[in-house]
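[1] let's see this in three dimensions:
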Amino acid sequence: MKSFVMPLALLTLVAAVVTGPAAEAPPDLSVGVTLVDILLPHELFVELGLASRRASPFKHTFVITLSNDQDFYVPTRKAFGEGSYEVTHSPLKPGGGELLADGAVRLLRQVYDAGRLANP
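    The predicted model follows:
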């Protein structure tokens, strides 16, 4: 099992790639990608993580929050309408959580499509 890490501003994708016996070359993302981790800063509401998982083109997607040592809540748009401790202590505006989750899914699709196009 090899891993490929692509750092991005607030979002990091880690794709675990099965490449067979130990290879000296960097992993080929077009072959064998079945599992990805989405590492997101802050504490996402579970609905956002589940939506990202469902929309992922990969067979297995794990959403990991509170990466990069950030410490505020990322509520859903619906939660802002209901009000709660998390909403009052979040610097985000309504829809910010959905933007973060949608951005993660867009990046997953780019990685997935790049691999599919490289190895039709």
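[2] send the alpha carbons of the longest helix seen in the chain over as CSV?
    With secondary structure taken from DSSP state H, the chain has its longest helix at helix 96-118. What follows is helix 96-118, C-alpha atoms only, in CSV (Å, rounded to 0.1, in the frame of the first residue of the first chain):
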residue,chain,number,x,y,z
GLY,A,96,-19.7,28.1,4.6
GLY,A,97,-19.8,24.4,5.6
GLU,A,98,-21.5,23.4,2.4
LEU,A,99,-18.8,25.3,0.4
LEU,A,100,-16.0,23.4,2.3
ALA,A,101,-17.7,20.0,1.8
ASP,A,102,-18.5,20.7,-1.9
GLY,A,103,-14.9,21.8,-2.4
ALA,A,104,-13.6,18.5,-1.0
VAL,A,105,-15.9,16.6,-3.4
ARG,A,106,-14.8,18.6,-6.4
LEU,A,107,-11.2,17.8,-5.6
LEU,A,108,-12.0,14.1,-5.2
ARG,A,109,-13.7,14.1,-8.6
GLN,A,110,-10.6,15.8,-10.1
VAL,A,111,-8.3,13.1,-8.7
TYR,A,112,-10.8,10.4,-9.8
ASP,A,113,-11.2,11.8,-13.3
ALA,A,114,-7.5,12.3,-13.8
GLY,A,115,-6.8,8.7,-13.0
ARG,A,116,-9.6,7.4,-15.3
LEU,A,117,-8.4,9.6,-18.2
ALA,A,118,-4.8,8.5,-17.7
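[3] how about residue 91: what's its closest non-neighbour residue?
    In this structure, residue 91 finds its nearest non-sequential neighbour in residue 72, 6.0 Å apart by CB to CB, 6 or more residues apart in numbering. In this view, the C-beta of every residue, glycine as well, is placed from N, C-alpha and C.
[4] quick one: low-confidence parts of this structure?
    1-33, 69-70, 116-120 (pLDDT under 70).
[5] at 90 what do you get?
    For the chain, the stretches with pLDDT under 90 are 1-42, 58-72, 83-84, 89, 100, 104, 107-120.
[6] which is the succeeding secondary structure element to the helix or strand hosting residue 49?
    Following DSSP states H and E, one finds residue 49 within helix 46-55. Downstream of helix 46-55, the next assigned helix or strand under DSSP H and E is strand 60-64.
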